[in-house]
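*Asks:* Below is the sequence, then the predicted model.
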Amino acid sequence: MTLPDLLIPTYVQMLGALSAWLGKAETQRPGGGAEALLAARIAPDMFPLSTQVRFACVQAQEGIFRLRGQDFPASVGILLDEGRNAAEHPGSIEDARKRIAETIALVEQAAANMPAVDPAAPVAHALPQGMVFDLTAEQYARDWTLPQFYFHVMTAYTILRGQGIELGKADYVAHMFSYLRPDTLPSQQGR
């Protein structure tokens, strides 16, 4: 398995799930009630839902373009700015789902002509605080981009659940149902 074979489907599947969770929030909180969720946080010192969505998109875009050895698209800077300012300007559920759709399209487009990635290729990952991590491409994928991506996706899930949105494991792993063996889904009786 190559690094793009691992990362691209993961980003696409989980961003699709994140968008679906936001759709459920709109359905369960009609009349604009879902918009208030964008300012919700797990803890006072954590970013709100609106930031978690945008930072999940950042991680997917950065991961692909860093492994391609290319500069980040302008959308990364836009998402970072929106995410950092989301407490004051959370946007709308529609905005969040649009950012997710744009990220999925960008990741899929990058995947269409993704060059081979040498797992041993050096990757220098600099953080805004000045720290720099020297990793291989494999270490970057395994130890940084996937964990950071899942952190933001799971934080968004946790915020939504904590705010009473009815989500469950099936919502988290919705992509798995395409692998379900026919006639093995348990009945809903006896719940």
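*Replies:* On my side now, so go ahead.
*Asks:* From now on I want contacts and neighbour counts done on CA atoms only, so please keep to that.
*Replies:* Fine.
*Asks:* Gln139 is in contact with Pro122, correct?
*Replies:* No: judged on CA atoms under 8 Å, Pro122 makes no contact with Gln139 at a distance of 9.4 Å.
*Asks:* Give me the most central residue, this protein.
*Replies:* Ala56 (3.4 Å; CA atoms, centre = their mean).
*Asks:* got a list of what it touches?
*Replies:* Applying CA atoms under 8 Å, 6 or more residues apart in numbering, we find Ala56 in contact with 15, 148-150, 152-153.
*Asks:* Return the member of those residues nearest to Asp134.
*Replies:* Gln148 (16.6 Å; CA to CA).
*Asks:* ok, and the closest non-adjacent residue to the closest one?
*Replies:* Sequence neighbours aside, Gln59 is the residue nearest to Gln148 in space, at 6.7 Å (criterion: CA to CA, 6 or more residues apart in numbering).
*Asks:* now that neighbour: how far from Pro48?
*Replies:* 17 Å (CA to CA, to the nearest Å).
*Asks:* Counting by contacts, list what the longest helix along the chain packs against.
*Replies:* Criterion DSSP state H: the longest helix present in the chain is helix 3-28. Applying 3 or more CA pairs under 8 Å, 6 or more residues apart in numbering; DSSP states H and E, we find helix 3-28 packed against helix 49-68, helix 93-112, helix 146-162, helix 169-172.
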